[in-house]
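K.L.:
Here you go, sequence then predicted model.
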Amino acid sequence: MYVSDDRDPSESFPFFAFLSRMKYIQRWALMRNTENENLCQHSFEVSVIAHALALIGNRLFEKHYDPGRAAVLALFHDAPEIFTGDMPTPAKYFTDEIKTAYSSLEGASTAKLINSLPEELKKDYTDLIRTSRRDAELRKLVKAADKISALIKCEEELKVGNREFAGAYESTLKKIEALGLPEVKYFMDNFFDAYSRNLDQLQ
């Protein structure tokens with residue numbers, strides 16, 4: 001075990017060790033999966049898509065997004081689930097009481113994660129993990145990328161005959177269309193269909 005010369009091992013900060021456990025958090029807990037997806041995989045995919053949406057917005061729709069910032073916000077967008085797990089959407093919004101309780105739990109999880117950092121780094125990571133007005137437009141892209149990632153998962157499951165995801169596919173597609181973002185429509189029109197192809201077809 002590595003320990004620096006000037007720090008007691010009991011004083012080490014667990015923030016990054018917490019993040020490394022994202023790979024153990026499974027998504028889609030209420031669904032029968034042919035292949036499991038963990039939080040780490042999902043966050044990477046959302047980051048890639050959010051970065052792409054920002055670039056598309058800048059190049060084609062005269063937006064002024066920061067693609068790097070979008071990618072990093074996406075990497076951390078589900079970080080509090082390290083403690084809460086991935087609560088399925090139907091359960092999260094089952095009643096107003098559950099929705100309120102989950103929101104409180106998510107806030108406590110976020111605080112626990114931030115407090116696992118040394119004082120000099122807390123503000124930097126707070127800006128990434130907690131929603132702020134500064135990043136309102138980029139958060140919309142992250143939300144869109146999150147939905148697109150979910151639709152990709154549904155597409156992959158349907159491709160191998162798992163009809164368990166048929167309803168989730170339809171509802172997620174409607175949510176993506178309702179966002180009304182031109183960069184999202186461009187991504188869907190130009191890139192999404194490729195996810196239904198196998199490797200030989202892609203080549």
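P.N.:
Looks like it came in fine.

K.L.:
contacts, neighbours, all on C-alpha from now
P.N.:
Fine.

K.L.:
And the helices in the chain, which stretches?
P.N.:
Ranges of helices in the chain, per DSSP state H, are 15-20, 39-60, 67-76, 81-84, 89-92, 96-114, 119-129, 136-159, 166-179, 182-190, 199-202.

K.L.:
so where's this structure shaky on pLDDT?
P.N.:
In the predicted model, the chain carries pLDDT under 70 at residues 1-10, 87-94, 102.

K.L.:
got the contact list for the most centrally placed residue in it?
P.N.:
Centroid-nearest residue in the chain: residue 43, 4.4 Å away (criterion: CA atoms, centre = their mean). For residue 43, the contacting residues are 74, 75, 76, 77, 78, taking CA atoms under 8 Å, 6 or more residues apart in numbering as the criterion.

K.L.:
any idea how far the last one is from residue 191?
P.N.:
Right, the one you point to is residue 78. Relative to residue 191, residue 78 is positioned 24 Å away (CA to CA, to the nearest Å).

K.L.:
Between the two, tell me which one has more neighbours.
P.N.:
residue 78 (20 against 10; other CA atoms under 10 Å).

K.L.:
how far away is the more buried one from residue 43?
P.N.:
Shown here: residue 78 relative to residue 43, a distance of 7 Å by CA to CA.

K.L.:
follow-up on the earlier one: mind putting the helices of the chain in CSV, distance to residue 29 included?
P.N.:
Supplementary listing: the helices of the chain in CSV, determined by distance: least, CA to CA, whole Å:
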stretch, distance to residue 29
helix 15-20, 20
helix 39-60, 12
helix 67-76, 21
helix 81-84, 13
helix 89-92, 10
helix 96-114, 17
helix 119-129, 24
helix 136-159, 13
helix 166-179, 13
helix 182-190, 26
helix 199-202, 28
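
K.L.:
which stretch among those comes nearest residue 26?
P.N.:
Using CA to CA as the measure, helix 39-60 is the one of the helices of the chain that comes nearest residue 26, at 6.2 Å.

K.L.:
Give the buried residues for the closest one.
P.N.:
Burial within helix 39-60, assessed by neighbour count using 16 or more other CA atoms under 10 Å, is assigned to 39-40, 42-58.

K.L.:
Could you do stretch 180-193 as well?
P.N.:
With burial defined by 16+ other CA under 10 Å, the residues of stretch 180-193 counted as buried are 183, 184, 185, 187.
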